[in-house]
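Asker: turn this into a structure:
(chains A and B)
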Amino acid sequence: MINPLPHTNQAYAEAPAVTSQSRPIRANSVWVGVVLPLACAVLLAAAQPFWSAYLSDLVVKIMILSIFALSLHILVGGAGLVSLGHAAYFGLGAYAAVKAAGPDGSNFLVMLGAAVGASGLYALVVGALSLRTKGVYFIMVTLAFAQLAFFVVHDVGYFGGSDGIYLMQRPAIGALDMENSSTQYFVVLAALVLVYAFIAMLRHSRFGHALSGIRVNEQRMRAAGFSTYGYKLAGFVIAGALAGLAGFLLAARDAVVNPELLAWHHSGEVLLMLILGGVGSLRGAVLGTITFVLLKELLSTHALMGNAADHWQLTLGIAIIVLVALLPKGLVGINDKWQKKAVAQTDKAQAATNQGANHE
Amino acid sequence: MDLATFLVQCLNSIQYGLLLFLLASGLTLIFGIMGVINLAHGSFYMIGAYMAFALSPYLGQHFITMLLVGVLITVVLGYALEWAFFSFLYERDHLQQVLMTYGLILVFEGLRAILVGNDVHGVEKPAWLAGSFPLMGMMQYPWYNVFAALACLVVALLMYYTVNRTRLGMMIRAGASNRDMVRGLGINIKRLYRIVFAVGVALAALAGMIAAPMSSVYPNMGSSVLIICFVVVVIGGIGSITGALIASLLVGFVDTFGKVFFQELSGMSIYLLMAVILVWRPEGLLGKRS
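Answerer: From the prediction side, this is the model:
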């Protein structure tokens, strides 16, 4: 009665399925991880002369927000730490840059340094305190510290109150002047490429692996001898500093900063971009940002939506709900879903042939 | 500060704290016990306030009846929403819930803009609650605020009794600590959740209806109150009704007196409180140590 053969047969049937599932992903990784992003960057650079002023501005905005989303990805996708206060570092970076700018002739490097430094420093303080908590509590403590920063910027006269402060002159260094819109475009693009490459390398470093280990099982990482607190804190500071960089770029683009940059809605939005794209990968962060910004832009454009554009909040809300319902793993999950379907089909075919062989 | 002002501020703190508790206890049920991060909780508060605005021309003088009608409507709304929407969210992870309920906020805000527009409205107090009484000779304290505090207190005591002393409360508390165990005991956890969710929605809406005559009814009133609600729930310890009550009163006092003492930086006082408490006790005041 008990026939061991079907079991071995089943094991055989499963074995190729495992390799067929892992093979395309591994073959993809160089292509998707290096070639595709580089091609996109080259394309963006080559397309610049053809953008209209409106499109160019929109692309710059998307690229800046992509850097912001990528910086949060270090925490959420890397270490599994969900921060709902990330806009604080973005906004502080922007404010620090504007405050560091002189009244005549703003030095690019001074502003950049001030932005990254101030954000990194605040991230160090907040991270040191909030990393003592976990899960939902961590979400709320990061939010609390962000609200603190928001109210300081909003209520203290030095920061210009709810109107914010204007930047008298956009940052420049040598021939590189951000007053020029095409220079602005290429500076932001270069920053995006560098940040993307930096985080990609970080992921493949010992440090990045330690962070993913913490995400999967912190207890085990600690038992393995890692000082997990130190790793998480380092990740928190890097994420904060990079958000500050994005803030600096935004201040240079808009030439004005206001407290809204630090508001919790903004923290929520960047988290949404990340989730929408899919938390597992870097391209997910960028894809999510593009989708979110474009959805918002499209749904609120009268030329496209007619009178419905007045109610873009409603349509955006419905779009988000539908997207999440259909794509539990975010936009990058589409690819997985498709692959899984293909694998399931080959499995079925394989099982059928195996069964056929069994019957004979 | 003289004694009368101090007393008035204390009354204000208690009244605000109890109102917060109504909101936070609803959120505790949904967020702490059912494990759904519901960002749309503030929207139910907003719905309640706008409902008071819509109902008051007809039922304004029968205020208690109006509250009961409002609660009835929102219980049905909550039950329907859970059936149509939230029951699919339990198995999703926290990030998905954040995204979905954010989408829901946008939908509610959009519907509000279509149905009632973006104007700021006031709701009149019922005539029998419109006056005020003298306090310490020179101060006047409005009767309506006393009524609001008492109404919140009654609901708070009812909540406390239900959660801590009844069989339903026992199931709810058991569900909070171990969902699978409760299911294993043969309790229809699906229906239990649906009822708990509906009650949570109704509590938020009730808070909105009670608050409407005191503060104006305005767009985005939900999102500003939402964060304070989460602050209360987290300070109190997730899932603890008693903790939520203590935290609500604490936040009520800190916020009210913060506005008196540090006008300039009053906005950050409750977040400072939250940061201090969570750094001191990472699991909240009455939360379980993991």
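Asker: residues of the stretch 51-200 of chain B that sit close to chain A?
Answerer: Residues of the stretch 51-200 of chain B lying near chain A by C-beta under 8 Å from any C-beta of the partner chain: B:88, B:92, B:94-96, B:98-100, B:102-111, B:113-114. In this view, the C-beta of every residue, glycine as well, is placed from N, C-alpha and C.
Asker: just the buried ones among those residues, please.
Answerer: Among these, those scoring as buried are B:92, B:94-96, B:98-100, B:102-111 (criterion: 16 or more other C-beta atoms under 10 Å in any protein chain shown).
Asker: among these, which are in helices?
Answerer: If you go by DSSP state H, these have B:94-96, B:98-100, B:102-111 in helices.
Asker: which SS class is residue A:329?
Answerer: Classification of residue A:329 using DSSP: H, G, I helix; E, B strand; the rest coil returns coil.
Asker: touching, it and residue A:277? I think so.
Answerer: No: Residue A:329 lies out of contact with residue A:277 (C-beta atoms under 8 Å); the separation is 10.1 Å.
Asker: which of these two has more residues huddled nearby?
Answerer: For the pair residue A:329 and residue A:277, the greater number of neighbours falls to residue A:277 (29 against 16), based on other C-beta atoms under 10 Å in any protein chain shown.
Asker: which element is the residue in the stretch 101-250 of chain A positioned nearest to chain B on?
Answerer: Going by C-beta to the nearest C-beta, chain B is nearest to residue A:151 of the stretch 101-250 of chain A, at 3.7 Å. Using DSSP states H and E, residue A:151 falls within helix A:135-155.
Asker: does anything pack onto that helix? Which helices or strands?
Answerer: helix A:87-100, helix A:108-130, helix A:264-277, helix B:221-236, helix B:269-280 (3 or more C-beta pairs under 8 Å, 6 or more residues apart in numbering or on different chains; DSSP states H and E).
Asker: and the strands in the stretch 251-360 of chain A?
Answerer: Under the criterion DSSP state E, counting those that start in this stretch, the stretch 251-360 of chain A carries strands at the ranges A:256-257.
Asker: residues from it in reach of chain B?
Answerer: A:264-265, A:268, A:271-272, A:275-276, A:279, A:310-311, A:313-321, A:324-325, A:328.
Asker: are any of those residues buried, and which?
Answerer: Those of these that meet the buried threshold are A:264, A:268, A:271-272, A:275-276, A:279, A:311, A:313-321, A:324, by 16+ other C-beta under 10 Å.
Asker: relative to helix A:264-277, how tilted is the helix holding residue A:151?
Answerer: 140 degrees (axes from the mean of the first three to the mean of the last three C-alpha atoms, to 10 degrees).
Asker: who touches the following helix or strand past helix A:135-155?
Answerer: Next along the chain after helix A:135-155, taking DSSP H and E as the criterion, comes strand A:165-166. With contacts defined as C-beta atoms under 8 Å, 6 or more residues apart in numbering or on different chains, strand A:165-166 is touched by A:95, A:98, A:99, A:159, A:255, A:256, A:257.
Asker: and the closest residue to the fifth one other than its chain neighbours, how far is that from residue A:103?
Answerer: Okay, so that is residue A:255. In space, and not counting its chain neighbours, residue A:255 is closest to residue A:167: 4.3 Å by C-beta to C-beta, 6 or more residues apart in numbering or on different chains. According to C-beta to C-beta, to the nearest Å, residue A:167 and residue A:103 sit 10 Å apart.
Asker: out of the two, which sits in the busier spot?
Answerer: Neighbour count, other C-beta under 10 Å: between residue A:167 and residue A:103, residue A:167 has more, with 21 against 7.
Asker: residue contacts, the more buried one?
Answerer: Taking C-beta under 8 Å, 6+ apart as the test, what residue A:167 contacts is A:97, A:98, A:101, A:106, A:251, A:252, A:254, A:255, A:256, A:257.
Asker: next SSE downstream of the helix of greatest length in chain B?
Answerer: With secondary structure taken from DSSP H, chain B has its longest helix at helix B:3-27. The helix or strand immediately downstream of helix B:3-27 is helix B:41-59, counting by DSSP H and E.
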